[in-house]
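J.: Provide a 3D model corresponding to the input given below.
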Amino acid sequence: MKVALQLGYWGAMPPQHAQELVSEAERAGFDGVFAAESWGSDAFTPLAWWGSTTTRVRLGTSVAQLSARSPAACAMHALTLDHLSGGRCVLGLGVSGPQVVEGWYGQPFEKPLARTREYVSIVRQVLARQQPVRNEGPHYPLPYHGPGSSGLGKSLRPITHPLRADLPIWLGAEGPRNVAQTAEIADGWLAVYYSPRLAAVCEEWLAEGFARPGARRTRSEFEVAAHCQVLVTDDAAAERAGLKPSLALYLGGMGAVRRNFHADVFRRMGYAEAVEEVGLLFREGRREEAAAAVPDELVDEIAIIGTRERVVERVRQWERSGVDTLLVGCRDAEQVRTVAEVVRESGSADSPVSTLPS
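T.: Next up, the predicted model:
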């Protein structure tokens, strides 16, 4: 089991102690540092800024949104960061949802799987730099010859030679078809809300993708990175309560009523009634009640909370379920060190954390 620091995306202001967390994560033996974006801060700049003080950890986006930039522009970001970091970039991509894609980026949301496939194909062409980049697909035609075109578009190769043609591309995916496509075309899966209880189902989705003709990886070559809060505490109830407002936001506010992929994940876990109640309360502006309506069991499905002994055993359980990397948000340097220690104690000899002195 590996562990990576999840910086997430910014709220109203930049986080105050991010540089301290990044530095401590590298010292403690974390494998990577990841940043996200929604409709405020971007995912690449924090990695370049705070990651410039590191020498070992991978620097990844989880996720960079497809509609935020064209495939060629995204490839430029990735190859630039990969050069600056000496080959440590992981490009994590995701489609987001219709509210953000159409409301913030002004782009159509429909056919997200087809768009993802085209997008990844173009990024890989840029990174391979074998020939001028072309794409005949309907979503990102290159060269562009549609309405308003001058007719002068020219297929190009990147001026800058990418450091790695095989720079890893991970995809954020939640539904069965999306997870299967991720296994087919990507190098890793960013699982936003993962539950070891559903590991067998997830492995079936992945296996479908690996079995497709031309699949890029086998299961043993593929990395599953799951977002997970890891909290060592004697007051599990308080820590669960602290996570519930964020969960209520994602269940009730991070997606349209008719199309909320995060809510669908929890419906598949068996929490359909709770999802409806939390969503209704949140949309009515009763956010404290919405948070209170999130079941304790739901929180325990997707987070690791409890005494040190319980947390160590739960980390082992997540690893046995097929998770290769935990993406963990940390409040301070002490939590970074604690997470490193419990992953070490979980007993995985292959973990970079486990090789550090106690």
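J.: where along the stretch 251-358 of the chain do the strands fall?
T.: 303-306, 325-328 (DSSP state E, counting those that start in this stretch).
J.: got the ones you listed as JSON lines, with mean pLDDT columns?
T.: As requested, those are exported to JSON lines (pLDDT from 0 to 100):
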{"stretch": "strand 303-306", "mean pLDDT": "98"}
{"stretch": "strand 325-328", "mean pLDDT": "98"}
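J.: can you list those strands in CSV and add mean neighbour count?
T.: Every C-beta, even on glycine, is put in place using the N, C-alpha and C of the backbone. As requested, these are exported to CSV (neighbours: other Cβ atoms under 10 Å):
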stretch, mean neighbour count
strand 303-306, 22
strand 325-328, 26
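J.: Ala78 is nearest to which of those?
T.: strand 325-328 (18.4 Å; Cβ to Cβ).
J.: now do that closest one: distance to the chain's middle.
T.: 10 Å (Cα atoms, centre = their mean, to the nearest Å).
J.: repeat that for stretch 70-79.
T.: 18 Å.
J.: how about Leu127: what's its closest non-neighbour residue?
T.: Pro162 (4.7 Å; Cβ to Cβ, 6 or more residues apart in numbering).
J.: from Arg69, how far off is that neighbour?
T.: For Pro162, the distance to Arg69 equals 17 Å [Cβ to Cβ, to the nearest Å].
J.: and those two? which has more neighbours close in?
T.: Pro162 (19 against 16; other Cβ atoms under 10 Å).
J.: tell me where the stretch 201-350 of the chain has helices.
T.: Shown for the stretch 201-350 of the chain, the helices assigned by DSSP state H, counting those that start in this stretch span residues 236-252, 261-269, 272-283, 287-292, 296-302, 308-320, 333-345.
J.: tell me the mean pLDDT over the helix or strand hosting Ala200?
T.: Remark: Ala200 resides in helix 199-210, with elements defined by DSSP states H and E. For helix 199-210, mean pLDDT is 97.
J.: quick one: buried residues of it?
T.: Under the neighbour-count criterion of 16 or more other Cβ atoms under 10 Å, helix 199-210 has 199, 202-203, 205-206, 208-210 buried.
J.: make TSV out of these and add distance to Gly270.
T.: Shown next, in TSV, are those (distance: Cβ to Cβ, whole Å):
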residue	distance to Gly270
Ala199	15
Cys202	15
Glu203	18
Trp205	17
Leu206	21
Glu208	22
Gly209	24
Phe210	27
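J.: could you redo the strands of the stretch 251-358 of the chain as TSV and give each row distance to Ser85?
T.: Shown next, in TSV, are the strands of the stretch 251-358 of the chain (distance: least, Cβ to Cβ, whole Å):
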stretch	distance to Ser85
strand 303-306	29
strand 325-328	18
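J.: Cys228 is nearest to which of those?
T.: Per Cβ to Cβ, nearest to Cys228 of the strands of the stretch 251-358 of the chain: strand 325-328, 4.9 Å.
J.: hang on, the earlier thing: against which helices or strands is the helix holding Ala200 packed?
T.: Under the contact criterion of 3 or more Cβ pairs under 8 Å, 6 or more residues apart in numbering; DSSP states H and E, helix 199-210 touches helix 176-185.
J.: for the helix it packs on, which outside residues touch it?
T.: Residues outside helix 176-185 that contact it (Cβ atoms under 8 Å, 6 or more residues apart in numbering): 112-113, 116-117, 120-121, 171, 173, 189, 202, 205-210, 212, 214-217, 219, 222.
J.: tell me which residues touch Gly60, please.
T.: Residues near Gly60 by Cβ under 8 Å, 6+ apart: 4, 32-35, 47, 89-92, 170.
J.: again, only this time at 6 Å
T.: Contacts here follow Cβ atoms under 6 Å, 6 or more residues apart in numbering; on that basis Gly60 touches 32, 34, 90, 92.
J.: ok, so of the residues you listed, who is nearest Arg286?
T.: Nearest to Arg286 out of the contacts of Gly60 is Phe34 (Cβ to Cβ; 32.6 Å).
J.: pretty sure that closest one is in a helix, no?
T.: No: the assignment for Phe34 (DSSP: H, G, I helix; E, B strand; the rest coil) gives strand, which keeps it out of a helix.
J.: what about it, neighbour count?
T.: For Phe34, the number of neighbouring residues by other Cβ under 10 Å comes to 29.
J.: and Phe261, by the same measure?
T.: 22.
J.: make sure it is actually in contact with Ala173.
T.: No: under the criterion of Cβ atoms under 6 Å, Phe261 is not in contact with Ala173, lying 9.3 Å apart.
J.: now Tyr9: how far from Ala72?
T.: Counting by Cβ to Cβ, the gap from Tyr9 to Ala72 is 23 Å.
J.: what's the answer for Pro162, then?
T.: 12 Å.
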